[in-house]
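Q: okay, here's the prediction I keep looking at, along with the sequence it came from:
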Amino acid sequence: ALYGSFGDREVISMAQMHSIYSGNTQLMANSAAMYLRMTEKVPGQLLDTAQAGDAARLRTLVHQCKGSAGYIGAERVHAVAMGLQHALEGHLGTGEAALPEGILVQLRVLLRCLAELMERLRTDTALSGAKRG
């Protein structure tokens, strides 16, 4: 249900990417390749941090994930990460150590969206330069 609520968000908005990079397809491809390289270990880091129960570190990682997604027009990852970041900020204010189930559900949705985004960046013909990058 939570994943479905982000269905109106694009995995990656090519229109937004064109706007960010002024239509420069080489910059777009290079950015996609850099995003893939930089994000490769992020899912594991998110899981490890959640399993350790480190909400503050998880919030930092999610914040970074949100920001980098914004630079490539990854609307779905950006939106999910924003919601998770706010939930983590609220949780940090409670003083409770254990991460609540709602946050873990949001984290699973973020991981799913990250996997979709990374696959799209690897296979999208409009970003084929990223494969060579």
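A: Great, that's in hand. Numbering: from 1, shown residues only.
Q: at the geometric centre of the protein, which residue do we find?
A: Taking CA atoms, centre = their mean, the centroid of the chain lies closest to residue 77, which sits 3.8 Å from it.
Q: please report how far that one lies from residue 83.
A: Distance, residue 77 to residue 83, using CB to CB, to the nearest Å: 11 Å. From N, CA and C alone the C-beta is placed, and that goes for glycine too.
Q: need phi/psi at the residue nearest to the centre of the chain.
A: phi -60, psi -40 (degrees, to the nearest 10).
Q: what do you get for residue 10?
A: As for residue 10, its main-chain torsions (degrees, to the nearest 10) stand at phi -80, psi 150.
Q: quick one: contacts for it?
A: 73, 75-76 (CB atoms under 8 Å, 6 or more residues apart in numbering).
Q: out of those residues, which end up buried?
A: For the contacts of residue 10, a burial check counting by 16 or more other CB atoms under 10 Å picks out 73, 75-76.
Q: possible to save the residues you listed as CSV with distance to residue 34 and secondary structure?
A: Listed next are the buried ones among the contacts of residue 10 as CSV, based on distance: CB to CB, whole Å; DSSP: H, G, I helix; E, B strand; the rest coil:
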residue, distance to residue 34, secondary structure
73, 14, coil
75, 19, helix
76, 19, helix
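Q: ok, of these, which one's closest to residue 127?
A: Residue 127 lies nearest to residue 73 out of these, by CB to CB, at 10.8 Å.
Q: got the contact list for that closest one?
A: Taking CB under 8 Å, 6+ apart, one finds 10, 12-17, 19-20 in contact with residue 73.
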